[in-house]
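*Asks:* compute the structure for the input listed below.
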Amino acid sequence: MNTTRHPAQIFVKDLQESDTRTLQGTRATLLDRLALNFLYDAIGRPPVDFKLWDGTHAANSPGGSRLRIIFRTRKALWRTCLRPDPGFGDAYTVGEADIEGDLIETLIETYRTMEQSPWQNFRRRVPGWVALPYGNSLTESKRNIAAHYDLGNDFYRLWLDPDMVYTCAYYRGADLDLAAAQQAKLEHVCRKVGLTPGMRVVEAGCGWGSLALYMARHYGVKVRAFNISREQITHAQQRAREEGLDHAVEFIEDDYRNIRGEYDAFVSVGMLEHVGPDHYRELGELIKRCLAPAGRGLIHSVGRNRTTPMNGWIHQRIFPGSYTPSLKEMMDIFEATSFSILDVENLRLHYARTLTDWLRNFDDRLPVIRDKYNEAFIRAWRLYLGGCVAAFTAGTLQLFQVVFTHSGNNRLPRSRDHLYAGTEPEFWSN
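*Replies:* Residues are numbered from 1 along each chain as shown. Coordinates of the predicted model:
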């Protein structure tokens, strides 16, 4: 029986800016005022002014605050009351809600308060209240990935680093720019899995190919890299040919579930968010089959401190089918297959800085972006990037790098010194 769901997919590129003049001169009703007060209390009363189209403020909000969220239409107010996400995200995208004052600061204050708010506690107890309609079957995953990553390489080239790395960078020093920090991240990953010349590496979810090419170029390894984004894989294959690395790196347009063979290292950077917790054990079994007895693996993923339903707006409009797990949930990958965890590192603030740099680049290229995309698309992407800066800064999102191996593997480094000193690791002899 085919149980694949096929909801009507509406992404930010499909939304249009609304005409908010319809309520100009219209006074808020008693029900509108009660709804605004309810919403403000439900999300924990952040130090942000909540305001309606006629100037009405939430009863307990700081009316004089320089940080303000304004609902310009009745529809925006009530949709946000019923489901703050995706309600507010959609309302902001089409111009029916606005943020006055600094976007990121307003969202930081709101997210910090919301984390322990009545609304968030309700979502944890009743996760089905916000429908997450997109699953992660083979068919759905292909459609989900295309919706975000196949917007066009030219779009991402405008604001990513020159190598087009679309994951958290590693700012080892405060003076590193985005490009240098992304190279530092690639090196950090290579050291963690202990690459040496001649190794066989498999990468699940390779983006535009930067990590696979880096591993082959700097470590002399053979890489098979899987991805289901046609735009990304075509770009990666072209880069491999241009850089003379197509003999060492094979870019494969296929789902990670179809990985076969045995490898000395398994690497997945930024893909787990698209796997879905229902498939974690399946992923663990796959890694167990393909990882050599002395091999090491690394999974790099956005996560949370505790199990929390996915933001409905991000899931439905930005990253269809996405989910950000807690470490406890991630353990479903490793425990059933008896993997041993070697290292867990949290790069949360590195991702806040990465996203800040992306948003700055995005804003710098707005004239070019406006030539190709409408205002609703731009507002949505600024809310997505700025909202993620705020979430990582506020601590409501984390970035985990988990290194693991088979439980019986004793060929392990004695310390973590080699990760930072750039020296060869000393191994246990037994």
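*Asks:* sheet-wise, list the partners of the lengthiest strand in the chain with their directions.
*Replies:* Ranked by residue count under DSSP state E, the longest strand found in the chain is strand 291-303. Sheet pairing for strand 291-303, assigned by DSSP bridges, gives strand 263-269 (parallel), strand 398-406 (antiparallel).
*Asks:* what does the model give the nearest residue to residue 158 once chain neighbours are set aside for pLDDT?
*Replies:* With sequence-adjacent residues excluded and distances taken as Cβ to Cβ, 6 or more residues apart in numbering, residue 158 is closest to residue 365, at 4.4 Å. For every residue, glycine as well, the C-beta is placed using N, CA and C. Per-residue pLDDT puts residue 365 at 97.
*Asks:* same question, residue 85
*Replies:* For residue 85, the model assigns a pLDDT of 81.
*Asks:* count of neighbours near residue 350?
*Replies:* Using other Cβ atoms under 10 Å, residue 350 has 21 neighbouring residues.
*Asks:* ok now the host helix or strand of it, how far from the chain's centre?
*Replies:* With elements taken from DSSP states H and E, the one containing residue 350 is helix 348-364. Its chain's average C-alpha position is 13 Å from that of helix 348-364, according to Cα atoms, centre = their mean, to the nearest Å.
*Asks:* identify the residues contacting it?
*Replies:* With Cβ atoms under 8 Å, 6 or more residues apart in numbering as the contact definition, helix 348-364 has outside contacts at 158-160, 168-171, 177-178, 181, 302, 369, 381-382, 385-386, 388-389, 392-393, 395, 397-399.
*Asks:* and the angle for that helix with strand 291-303?
*Replies:* Going by axes from the mean of the first three to the mean of the last three Cα atoms, to 10 degrees, helix 348-364 is angled at 60 degrees with respect to strand 291-303.
*Asks:* can you pull the contacts of the residue lying closest to residue 78 once chain neighbours are set aside?
*Replies:* Taking Cβ to Cβ, 6+ apart, and ignoring the residues beside it in sequence, residue 78 has residue 35 as its nearest neighbour in space, at 6.2 Å. For residue 35, the contact set (Cβ under 8 Å, 6+ apart) comprises 77-78, 81.
*Asks:* thought residue 155 was touching residue 372?
*Replies:* Yes - A contact is recorded between residue 155 and residue 372 when judged using Cβ atoms under 8 Å, the distance being 7.4 Å.
*Asks:* where in the stretch 301-430 of the chain is pLDDT low?
*Replies:* Of all residues in the stretch 301-430 of the chain, those with pLDDT under 70 make up the ranges 430.
*Asks:* where do the helices sit along it?
*Replies:* Counting by DSSP state H, counting those that start in this stretch, the stretch 301-430 of the chain has helices at residues 312-313, 327-334, 348-364, 366-372, 375-394, 417-421.
*Asks:* packed most tightly, which of these would that be?
*Replies:* helix 312-313 (a mean of 24; mean count of other Cβ atoms under 10 Å).
*Asks:* what is that helix packed up against?
*Replies:* Packing contacts for helix 312-313, counted by 3 or more Cβ pairs under 8 Å, 6 or more residues apart in numbering; DSSP states H and E, involve helix 84-93.
*Asks:* kindly recompute the last result at 10 Å.
*Replies:* helix 84-93, helix 375-394 (3 or more Cβ pairs under 10 Å, 6 or more residues apart in numbering; DSSP states H and E).
*Asks:* spatially central, which residue of the protein would that be?
*Replies:* residue 302 (5.7 Å; Cα atoms, centre = their mean).
*Asks:* tally of neighbours for residue 31?
*Replies:* 11.
*Asks:* quick check, it in a helix?
*Replies:* Yes - according to DSSP: H, G, I helix; E, B strand; the rest coil, residue 31 belongs to a helix.
*Asks:* list the residues that contact the residue nearest to residue 158.
*Replies:* Contacts for residue 365 (Cβ atoms under 10 Å, 6 or more residues apart in numbering) come out as 155, 157-159.
*Asks:* can you say which of these are buried?
*Replies:* Neighbour counting with 16 or more other Cβ atoms under 10 Å marks 155, 158-159 as buried within the contacts of residue 365.
*Asks:* which of those fall in strands?
*Replies:* Using DSSP E, none of the buried ones among the contacts of residue 365 sit in strands.
*Asks:* which pLDDT value goes with the residue nearest to residue 78?
*Replies:* At residue 35, pLDDT is 95.
*Asks:* what strand or helix carries it?
*Replies:* When elements are defined using DSSP H and E, residue 35 is found to belong to helix 30-42.
*Asks:* coming back round to it: among the helices of the stretch 301-430 of the chain, which is nearest residue 221?
*Replies:* Each of the helices of the stretch 301-430 of the chain was scored for nearness to residue 221 using Cβ to Cβ, and the closest is helix 417-421 (16.9 Å).
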